[in-house]
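Colleague: Sharing a model prediction with you, sequence too.
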Amino acid sequence: MPAMLDDPDAPTIYRTSGAAPFPDPQDAQPFLPVDVYPRQVTLRDRVTVATIVPFSSRHQVPPSLLSYLSDQLNKEIEMGDTYPMIETMPMEKFGSYWFQNFGAVMLLGNIESADEVTEGKNWATQCLGSFYIKPNYPGRSSHICNAGFLVTDAVRNKGVGRLMGETYLDWAPRLGYTYSVFNLVYETNVASCRIWDALGFKRIGRVKGAGNLKSYPGQLVDAIVYGRDLGPESTDTVSEERFDKIAFYLRYGKYPAGADRAEKSRLRSAATHYKLLENDKLMLKDKEVISDPQKQYEIARNVHVHQHGGINKTTATIAEKYHWVRIKETVSLVIRNCTECKELGKAP
């Protein structure tokens, strides 16, 4: 799920604008902010526990793990559909590129410190994904960041990308960034687009014919430019993971693995507003809660094709029966992708 556009051979850009303190380019192993520490998460099955571990330098990462992640990125590059690079990257180059400012790795199990990530592991079974954070621009605009994401082979469609995206939104402002830009997300990369749409990113631009991709010979694919303010989310935002945790709590009468005291309190409070039917449908009052972004999109598309109504009409129709966060944004995406609406000039 790439979201980047930068030159792997370019010199490292350090954040020099925004709030102090700033990174020291001379420090080979800089300290992380005290509120950026390993984050325990639960996968979509609500049972498997993993930890997203932050690293301030490639020197903290075991060489065998760097080698595994390098191989995973090279496979993605060779597939030719998500990253813009053509040439693969040797491990030495990968380490200095991916972890030059800040990187994180998602590993199975409960990990309390980066010091616990050592050699002797089978990373093909232990490593679920990785992402980096770095300035998108130099100098006076270096408080605006960019990121790149990598989900490993064994854990596709298990919610790993979404969990890393949520963690990115939590950690990036703690690292001093105030706004995020993803320069190049090919519109054919539907999984990535759905994640960023669901996490509140705005489509701030489109690059026509940006990608000569392997799976689309003879045509150039457009790319989306995403942007989002960083900082506290609005109070009405409930993530896909949050809905699933509420359902788990109502179904089993116990907290999901990895829940802390604050989350347990939120779940007890939510239980007074939601109910779980016998067919495992989560309901908020008389509306079915839809947590899966793909199902949200399918519902919106099915409602829209019946009448090809505009954003407000389609949103109102959906809201009579269903509930999820940002229904209107899902509808807007459906209408933008509607061939008939494009032909009639009705697409937003």
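Modeller: Perfect, thanks for sending it. The model shown is predicted, which means the values in this text are computed figures rather than measured ones.
Colleague: Report the central residue of this protein.
Modeller: Gly165 (2.4 Å; Cα atoms, centre = their mean).
Colleague: Make sure I have this right: that residue is in a helix.
Modeller: Yes. Inclusion of Gly165 in a helix is indicated when DSSP: H, G, I helix; E, B strand; the rest coil is applied.
Colleague: Touching, it and Phe149? I think so.
Modeller: Yes. At 7.3 Å, Gly165 counts as touching Phe149 under the criterion of Cβ atoms under 8 Å. For the C-beta atoms, the positions are set from N, CA and C on the backbone; glycine is no exception.
Colleague: hmm, back to that, got the contact list for the residue nearest to the centre of the chain?
Modeller: Contacts for Gly165 (Cβ atoms under 8 Å, 6 or more residues apart in numbering) come out as Met1, Phe149, Ile195, Trp196, Leu199.
Colleague: which residue packs closest to the fourth one, ignoring adjacent ones?
Modeller: By that I understand Trp196. Once flanking residues are discounted, Trp196 sits nearest to Tyr226: 5.0 Å by Cβ to Cβ, 6 or more residues apart in numbering.
Colleague: Quick check: beta-bridge partners of the one you found?
Modeller: Phe182, Arg203 (DSSP bridges).
Colleague: what's the neighbour count on it?
Modeller: By other Cβ atoms under 10 Å, the residues close to Tyr226 number 22.
Colleague: low pLDDT regions in the chain?
Modeller: 1-8, 232-240, 345-348 (pLDDT under 70).
Colleague: which residue ranges form the helices in it?
Modeller: Along the chain, counting by DSSP state H, helices occupy 63-79, 91-98, 123-126, 160-174, 190-198, 240-252, 261-270, 293-307, 311-319, 327-336, 339-344.
Colleague: Which residues are in contact with the residue lying farthest from the centre of the chain?
Modeller: Distance from the C-alpha centroid of the chain peaks at Leu344, with 33.5 Å (Cα atoms, centre = their mean). Counting by Cβ under 8 Å, 6+ apart, Leu344 touches His308.
Colleague: if we go to 10 Å?
Modeller: If a contact means Cβ atoms under 10 Å, 6 or more residues apart in numbering, then Leu344 has His308, Cys338 as its contacts.
Colleague: That one and His308, how far apart?
Modeller: 8 Å (Cβ to Cβ, to the nearest Å).
Colleague: shared neighbours of those two, which are they?
Modeller: Common neighbours of Leu344 and His308 (Cβ under 10 Å, 6+ apart) are Cys338.
Colleague: Could you count how many residues lie near the spatially closest residue to Gly80 that is not a sequence neighbour?
Modeller: Using Cβ to Cβ, 6+ apart and skipping residues adjacent in sequence, the residue nearest Gly80 is Lys214, 3.2 Å away. Residues lying near Lys214 (other Cβ under 10 Å) number 10.
Colleague: got it, and Ala20?
Modeller: 7.
Colleague: same thing with Asn337?
Modeller: 16.
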